[in-house]
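**Q** Return a 3D structure for these sequence lines:
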Amino acid sequence: ISAAPEITATATGSISDQAAVYVKTNGTVEAIASVAPNGSLATLSQSHSIIYDFTYDVLRDRYLVWYYNNSRLKVRVGTSNGTSFSWGAEVQVYGNTATKVEVIYLTGVNRHLVVWQFSSHNVAQMRIVIVNADDSITLGTHRNMGSATMYSASQFGLCQGNADGTKAIFVQQATSSSLRAYTLDISDDGATYNDVNYNSSHGYYQIMSTNIYWPMQSTFDSYNNRAIFSAIRSYDENPLWVASLDTVNRTAPQSGGYSDVTSSSAWAVDRWDLAFNPDTKRLVITYGKNGSGGSKAIKYEIWKYASGGTTLEVAQDTTDIISDGTECFGGEGENLHYDENKKQVYVIYRYNSGGNKVAWREITTTDGSDSGSLGTEVIVNTSITTGDRYFLNRHTDSTKQLMICGDDSSNIKALNCVFESTNFTGPDFIGFANGAVSNGQTATINVVGNQVTKSSLTPGSKYYVQLDGSIGTSPVSPSVEAGIALTSTKLLIK
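**A** Have a look, this model is predicted:
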C-alpha cells in the first residue's frame, strides 16, 4: 500500500468506481458489500406433545425449552454453537399432569419462574428454576396459590413485575365474573432468590368483572416498570383487550384500567402477541383475523400510554402484515421479540402463498411518533410445515434471533434468523475507489483527506458507511464515519 491521501493496492474481486472499500488481512482491498438476511435450521430430536415456552438465561447464556412429554412437564437446557445446538439432559419439573404452563425469565435475579395448572385442579402451581454454571438445573420449592383459586380450568397470565426481578404479576380468572391480578414475591430460601411465594394478605387487583377466553399474553415494560397483559373477554362482541399494571411501592398490582384493542368477535381474532419497545416507548400488538374464504389476515397495531401514564391507548390503528393468507401466527407462543441490539420489535409467522413460508420482519416504531412501519419481509425457512407455537427470542450472537417451534411430535426445531450483515468490520474501512478495476488489478483508493463524488448529499451533514457500502446519515453496526458533505455531490473523507 502506498501513501495517503491516495493509495494503491491489489483488488480482490471487482470494484466499481466510487465504491467504498476495506483492506483485508492479506493487504488486498475489496468492495464493501452486504450479506442478505437468512435462516438456518437445527433440529432437536425430542418427543413432546406441546411446547409450552422458550426462555433465554442471560446469566448463563443458555436456552430453556419447556414442553410436555409422557404427561409430564419437562425442560432441557440448550447451548448455541453458532448455527447448531447442544442440549442437556431432560429434567422433569413436575411429576404429575400439568397444563396451561407459563414461564418467564426474571432479569435482575436471573431466575426462571414457571407456573402451571395441575390437570383440572383449580389452584395454580409454581416454582423457581435455576440454571447452574455446569448447565445442571436446580428446582426451587414447589409452591401454589393457596386459597387464591381459579375458576374452572381457565387460562392465566404471568409477567415480570419490577426491574429488579423480585416480583412477578400473576393474572387469573378467579370466578366467572372476576379477572384478578396478584403479586408473587421472589425470595430467599437458603439460597439467593430460589423461592416464590404468594402472600394472601397482600390482596389482589380486579382487572374486570367478566370472563375471559383464550390464552393471555404479556410483556414487561422496563421503561415504566409495568407489566402489560392481553386476552379476549366474554362481553358484547368479545374484544381483544390490553391492560398495564405495576407493583411499585405496593403489595398488590394496580392498573389505570383496560382498553379494547378490537371490537371483533373472539372467534375472528386469535393468535395475538405483544411486545413493548422501551427505547421508543411504544407497544406493538399483533393478531390474526378472519379474511376471505376462512383464511387469516395478520394485523399489527401501535399503542402508547395516555397522558395519565397508566392507561394504554391506540397510536396507530389496524395495519396489515398479510392482508389475506393461510397462516400459523405463533399460536399460543410468543412470536414477537424486542431486540436490544436493533432497538426494534421483530415478528415471525408462517403462511402459504405460492408455497410454504416462514417469514421474519421488523416492526419499526419511533419515540414520540404515533406511526409504525413494516420492514422488508425475509423468508427464513420453507421446510417447516406444521406447528402453531412459535417462540422468538434473543440469540447468543447479536447478529441473529432464535425461533423455537415443534414441527411434529418427535422433533423441536431451532431456527437461526440472521440479520443482514457485511464483509467489513468497521476499522478496516479505508476509503473509496477512484476508478473501476477487476479482480487482481491495481486499485487506486481515495483515503482520509481526499474527496469522493456522491449524489443527493446534504452539505454539512455527517455520513456513515452502510452495510452494503452505500453511505447514509444514520450509523449502523459496525459504525464507521465515511465523511462530511462539502456540497450536494462532494464528500470529504474522514
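**Q** Run through the helices of the stretch 251-400 of the chain in chain order.
**A** Applying DSSP state H, counting those that start in this stretch to the stretch 251-400 of the chain gives no helices.
**Q** So which residues of it form strands?
**A** 254-260, 269-277, 282-290, 296-305, 312-328, 336-339, 344-352, 356-365, 372-374, 378-381, 391-394, 400-406 (DSSP state E, counting those that start in this stretch).
**Q** So residue 444 sits against residue 10, correct?
**A** No: judged on Cβ atoms under 8 Å, residue 444 makes no contact with residue 10 at a distance of 11.5 Å. Quick note: C-beta positions are derived from backbone N, CA and C, even for glycine.
**Q** Common neighbours of the two, please.
**A** Between them, residue 444 and residue 10 share no contacting residue under Cβ atoms under 8 Å, 6 or more residues apart in numbering.
**Q** of all the strands of the stretch 251-400 of the chain, which lies closest to residue 85?
**A** strand 400-406 (9.1 Å; Cβ to Cβ).
**Q** For that closest one, give me every contacting residue.
**A** Contacts of strand 400-406 (Cβ under 8 Å, 6+ apart): 48, 50-51, 54, 63, 65, 67, 80, 333, 335, 337, 339, 346, 348, 358, 360, 384, 386-387, 389-395, 412-419.
**Q** Of those residues, grab the buried ones for PyMOL.
**A** Selection command for PyMOL covering only the buried members of the contacts of strand 400-406, criterion 16 or more other Cβ atoms under 10 Å:
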select buried, resi 48+51+54+63+65+67+80+333+335+337+339+346+348+358+360+384+387+389+390+391+392+393+394+395+412+413+414+415+416+417+418+419
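**Q** follow-up on the earlier one: just send the strands of the stretch 251-400 of the chain back as JSON lines, with mean pLDDT too.
**A** Output for the strands of the stretch 251-400 of the chain, formatted as JSON lines (pLDDT from 0 to 100):
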{"stretch": "strand 254-260", "mean pLDDT": "89"}
{"stretch": "strand 269-277", "mean pLDDT": "85"}
{"stretch": "strand 282-290", "mean pLDDT": "87"}
{"stretch": "strand 296-305", "mean pLDDT": "89"}
{"stretch": "strand 312-328", "mean pLDDT": "82"}
{"stretch": "strand 336-339", "mean pLDDT": "95"}
{"stretch": "strand 344-352", "mean pLDDT": "90"}
{"stretch": "strand 356-365", "mean pLDDT": "93"}
{"stretch": "strand 372-374", "mean pLDDT": "96"}
{"stretch": "strand 378-381", "mean pLDDT": "93"}
{"stretch": "strand 391-394", "mean pLDDT": "92"}
{"stretch": "strand 400-406", "mean pLDDT": "90"}
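**Q** for the chain, what are the low-confidence residue spans?
**A** Scanning the chain for pLDDT under 70 picks out 1-4, 120, 153-154, 189-190, 214, 235-238, 264-270, 290-296, 324-332, 387-388.
**Q** Now residue 347. Nearest residue, chain neighbours left out?
**A** Excluding its sequence neighbours, the residue lying closest to residue 347 (Cβ to Cβ, 6 or more residues apart in numbering) is residue 336, at 5.4 Å.
**Q** From what I see, the one you found and residue 349 are in contact.
**A** No: applying Cβ under 8 Å as the test, residue 336 and residue 349 come out as separate, 9.9 Å apart.
**Q** any chance of the strands of the stretch 251-400 of the chain in CSV, with distance to residue 20 too?
**A** Below are the strands of the stretch 251-400 of the chain laid out as CSV (distance: least, Cβ to Cβ, whole Å):
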stretch, distance to residue 20
strand 254-260, 48
strand 269-277, 31
strand 282-290, 33
strand 296-305, 35
strand 312-328, 34
strand 336-339, 26
strand 344-352, 25
strand 356-365, 24
strand 372-374, 27
strand 378-381, 24
strand 391-394, 30
strand 400-406, 25
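**Q** Quick one: closest of those strands to residue 452.
**A** Across the strands of the stretch 251-400 of the chain (criterion: Cβ to Cβ), the nearest stretch is strand 356-365, sitting at 29.8 Å.
**Q** follow-up on the earlier one: nearest to residue 150 among the strands of the stretch 251-400 of the chain would be which one?
**A** strand 254-260 (18.9 Å).
**Q** Can you list the buried residues in the closest one?
**A** Within strand 254-260, the residues that count as buried by 16+ other Cβ under 10 Å are 255, 256, 258, 259.
**Q** Looking at those, spot the one nearest residue 161.
**A** residue 255 (12.4 Å).
**Q** OK, contacts around the closest one?
**A** 181, 205, 207, 243, 244, 245, 246, 310.
**Q** Over to residue 428?
**A** So residue 428 contacts 22, 23, 24 (Cβ under 8 Å, 6+ apart).
**Q** Give the burial count for the residue lying closest to residue 284 once chain neighbours are set aside, as a bare number.
**A** Excluding its sequence neighbours, the residue lying closest to residue 284 (Cβ to Cβ, 6+ apart) is residue 345, at 4.5 Å. If you count neighbours by other Cβ atoms under 10 Å, residue 345 ends up with 28.
**Q** Does residue 98 touch residue 117 like I think?
**A** Yes: counting by Cβ under 8 Å, residue 98 does reach residue 117; the two are 6.9 Å apart.
**Q** Could you tell me which residues touch both of those two?
**A** By Cβ under 8 Å, 6+ apart, the residues touching both residue 98 and residue 117 are residue 125.
**Q** Okay, and the beta partners of the residue nearest to the spatial centre of the chain?
**A** Nearest to the mean C-alpha position of the chain, by Cα atoms, centre = their mean, lies residue 337 at 1.2 Å. Beta-bridge partners recorded for residue 337 (DSSP bridges): residue 346.
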